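Visitor: here is my input, please return the structure:
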Amino acid sequence: MSSRAPVVVALVAGSHVVNHAFLLLLVPAFRPLRAEFGVSLAALGVVVGVVNAVVTAGQLPLGHVSDSYSHGAVLVGSLAVGSVGAALAAVASSYGALVGAAAVIGAGVAGHHPAHYPLLSAAVSDTYRSRAYSVHGFAGAVGLAVPFAAVPAVAAAGYGWRAAFGAVAAVGGCYTVAAAVAVRRLPRELTRAGAETNEAGDRRPRALFARLGGYLRSVAGAPLVLLLTALWFVNSAAVWGVRTYAATALDAGYGLEAGTASLVAGAMLAVGAVVMLAGGSLGDRLGPTPLLYVGYGSLVVLAAAVGSGRLPVVGAVGVVVLLAATIDLSRPARAALTDVASARGDVGKNFALMTVGISAAGAAAPPLYGYVIDAAGVETAFLAVAATAAVALGLSVAVARAAG
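Guide: Sure thing, here's the model as predicted:
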C-alpha cells in the first residue's frame, strides 16, 4: 500500500462528503420549496432528476479526462462547480432558476466518481481495497445525511432554506481550496495513474473520440462490466426511492410530524454509513457476493413492510432507519467487483460507466416515484422499491456467475 494512501483516502472521503451533500441538497427542503414556488412534489422530483441527468451526461467524458490527464484536476474542478451550483440554488428566485442551479450542481457532482475511484485504486493495495471503498462510501453516506441535518437545524435557528443552502455552498468552497492544496502535494504517479497508458501521443479531438469509441467497443465484449452497470442502475433506482421519499413515507403514510420525519431520514443515512464500514471489512474477508444477497434480500422485506402501510408508527420509524443500511452494506462489494473487472487504464472510465447507471436511475426514479405517490400513494411507491430490489437480487446472481 502506498505511503500516501491515508492522505488519498482522507482527501477522497472529504470530497465525497461535500459532493453528496450537493447531490441531496434540495430534498429535505421539498416542503418550503413547494410553498415558495407553488409547484407539485413531482415537479420537485424533476429538479432532483435534472441533477442526476447532468451527472449521467458528464460521466464518460469526465472519466476519459480523469484517465487520460489528471484525476486530481477532475476532483478539484468537481468541487468548485458543485459549490457554485449550491450557491445558485440558495439565491434562486423562481422554479426555472432552481432547475438551472440543479443543472450546475449536476455538472459539478459528475466528476467526483471518475476522480475518486482511480485515486483509491492507485494508492491502496488489494488487501485493503474493500475497506478503503467502505471508508469512501461511509463518507458519501455522511454527505447524504448533511442536508437532512442542515435544513432542519437552520430552520430551528430561525433561518430558512436559503441560508441552509448557502452554508453548504460555503463549506464546499472552503473544501475546494483545501483539496487543491492537497492535490498539488501528491505525486504524479497517483494523480495521473493510468494516464500514460492512455495518452499515445495524439490528443487531437478525433483521436480522443476514437479512443473513447474503442473503450465502448471493449466494454461491449465484457459481460461482467455490463452486468455491473445494470446492477448499479437497478440499485440506484431503489436507492433514490428510499433516499428521496423515506421522510414522505413517514409523514404522509404514517402521520409523523414532517421535521421529525426528516430527522429520521437523516438517521437512516447515518446508520447506513456505519453499516457500510462493516461491509468493507466483511467484503475483504468473505468476498463480495454474500453481501449482495443479504443486502438486497433485506431491502425487499423492509421496503415491502413500509409499503404495506400496516406497521405501527414506532415500527415504521425503526424499519426506515434500517432501509439505507440494506443498500449500503453491499456498496464496497460492488466497488471491489468493478475494480477487479477493470484494466488499470480504464478504472476511471469503468467507474464512470457505473455512475452512468447510478445517475440515469437517479434522473428517472425521483419524478417517477413522485408521480406514483401523487397518483396512488406512498405505500405503492415503496412496494415498487421492493420489486426493484428483487430485480437487483436477480442481477446479483448473474454477476456472481460472471465473476466466477
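
Visitor: from here on, just use CA atoms for contacts and neighbour counts.
Guide: Will do.

Visitor: by mean pLDDT, flag the weakest helix or strand of the chain.
Guide: In the chain, no helix or strand scores lower on mean pLDDT, DSSP states H and E than helix 195-199, which sits at a mean of 51.

Visitor: so who does residue 258 touch?
Guide: 247-248, 251 (Cα atoms under 8 Å, 6 or more residues apart in numbering).

Visitor: repeat that for residue 257.
Guide: residue 251.

Visitor: make residue 1 into 36 and carry on from there
Guide: Got it, first residue is 36 now, which makes that one residue 292.

Visitor: now it: how far from residue 221?
Guide: 48 Å (Cα to Cα, to the nearest Å).

Visitor: for residue 153, see how far away residue 101 is.
Guide: If you go by Cα to Cα, the gap between residue 101 and residue 153 works out to 8 Å.

Visitor: list the buried residues for stretch 335-352?
Guide: Within stretch 335-352, the residues that count as buried by 16 or more other Cα atoms under 10 Å are 335-342, 344, 351-352.

Visitor: before we move on, back to that, helices - which of the contacts of residue 293 land there?
Guide: 282-283 (DSSP state H).

Visitor: possible to save the contacts of residue 293 as a markdown table with pLDDT, distance to residue 360 and neighbour count?
Guide: Below are those laid out as a markdown table (pLDDT from 0 to 100; distance: Cα to Cα, whole Å; neighbours: other Cα atoms under 10 Å):
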| residue | pLDDT | distance to residue 360 | neighbour count |
| --- | --- | --- | --- |
| 282 | 87 | 16 | 28 |
| 283 | 87 | 18 | 23 |
| 286 | 86 | 21 | 18 |
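
Visitor: show me which of the contacts of residue 293 is closest to residue 371.
Guide: Checking the contacts of residue 293 against residue 371 with Cα to Cα, the nearest one is residue 282 at 31.0 Å.

Visitor: contact partners for that closest one?
Guide: So residue 282 contacts 293, 296-297, 299-300 (Cα under 8 Å, 6+ apart).

Visitor: quick one: which of those is most hemmed in?
Guide: Highest neighbour count within those: residue 300, with 31 neighbours (other Cα atoms under 10 Å).

Visitor: which strand or helix spans that residue?
Guide: helix 293-321 (DSSP states H and E).

Visitor: what helices and strands are in contact with the one helix or strand residue 107 maps to?
Guide: Residue 107 is part of helix 106-125, with elements assigned from DSSP H and E. Helix 106-125 is packed against helix 40-58, helix 76-103, helix 130-144, helix 147-158, helix 196-219, with contacts defined by 3 or more Cα pairs under 8 Å, 6 or more residues apart in numbering; DSSP states H and E.

Visitor: may I see the ones you listed organised as a markdown table, with mean neighbour count and mean pLDDT added?
Guide: Shown next, in a markdown table, are those (neighbours: other Cα atoms under 10 Å; pLDDT from 0 to 100):
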| stretch | mean neighbour count | mean pLDDT |
| --- | --- | --- |
| helix 40-58 | 23 | 90 |
| helix 76-103 | 25 | 83 |
| helix 130-144 | 24 | 95 |
| helix 147-158 | 26 | 82 |
| helix 196-219 | 19 | 94 |
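
Visitor: adding distance to residue 115, write those out as JSON lines.
Guide: Shown next, in JSON lines, are the helices and strands packed on helix 106-125 (distance: least, Cα to Cα, whole Å):
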{"stretch": "helix 40-58", "distance to residue 115": "10"}
{"stretch": "helix 76-103", "distance to residue 115": "15"}
{"stretch": "helix 130-144", "distance to residue 115": "7"}
{"stretch": "helix 147-158", "distance to residue 115": "11"}
{"stretch": "helix 196-219", "distance to residue 115": "6"}
